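**Student:** Build the 3D model from these lines:
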Amino acid sequence: MKKIILVPTDFTVQSLLPVEYAALHNPADELDIILVHCAALSNSISELLFYSPEEEINKYMNDAFANACHNLKNRFGSKIGSLRVELFHGFTTGAFENFIAAKKIQEILIPAGYRFVLHKTAVDPLRFIKSCSLPVSEVSLQIKNNPSQKDQAAA
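**Tutor:** Take a look at the predicted model:
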């Protein structure tokens, strides 16, 4: 049995903690995990003509986040079928519901008490998640204060 889970991300290692929780506690045989980042699109026609989701993701991806994703895939390779980042550019709960339906997402996991780091074009994902129709589970995991331990949390 395969299960598709959405986890919001701001490209910090801390936002990956629900992925580890899912791999450890979910009874499904295989998990497909979609890390979603909510961001507004530019209004510039020239920027939209040359828009690339991959370039947008790479703009915010950092080494610590990429390494943590790689470590999670290696550590839970038999459980995590796929772990990928997708962008959501909508502004309404209805658009988010359509995104969820198109991706066939079955559950949403969010880190309890976590405040997402929002860059210039980012939109708070909790705005959409809290009002959607899918079950949302808040994952209570300790986030350590030591920066070196943060980077190892998902390792």
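**Student:** what about the strands in this protein?
**Tutor:** Secondary structure of the chain, counting by DSSP state E: strands at 2-8, 30-38, 80-88, 107-111, 136-139.
**Student:** Could you export the ones you listed as JSON lines, including mean neighbour count?
**Tutor:** In short, each C-beta sits where N, CA and C put it, glycine included. Output for these, formatted as JSON lines (neighbours: other Cβ atoms under 10 Å):
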{"stretch": "strand 2-8", "mean neighbour count": "21"}
{"stretch": "strand 30-38", "mean neighbour count": "22"}
{"stretch": "strand 80-88", "mean neighbour count": "17"}
{"stretch": "strand 107-111", "mean neighbour count": "21"}
{"stretch": "strand 136-139", "mean neighbour count": "15"}
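**Student:** what about the ones you listed, which gets the closest to H70?
**Tutor:** Among these, strand 80-88 comes nearest to H70, with 9.2 Å by Cβ to Cβ.
**Student:** Could you report the separation of I34 from S42?
**Tutor:** Remark: distance between I34 and S42 (Cβ to Cβ, to the nearest Å) = 23 Å.
**Student:** just S52 next, same as before
**Tutor:** Counting by Cβ to Cβ - S52 and S42 are separated by 12 Å.
**Student:** Out of the strands of the chain, which gets the lowest mean score?
**Tutor:** Mean pLDDT values for those show the minimum at strand 136-139, a mean of 90.
**Student:** what sits up against that one?
**Tutor:** L17, P18, Y21, E107, I108, L109, I110, P111, A112, I129, K130 (Cβ atoms under 8 Å, 6 or more residues apart in numbering).
**Student:** For the residue nearest in space to the middle of the chain, give the beta-bridge partners.
**Tutor:** Nearest to the mean C-alpha position of the chain, by Cα atoms, centre = their mean, lies L35 at 2.5 Å. Counting by DSSP bridges, L35 forms beta bridges with V7, V85.
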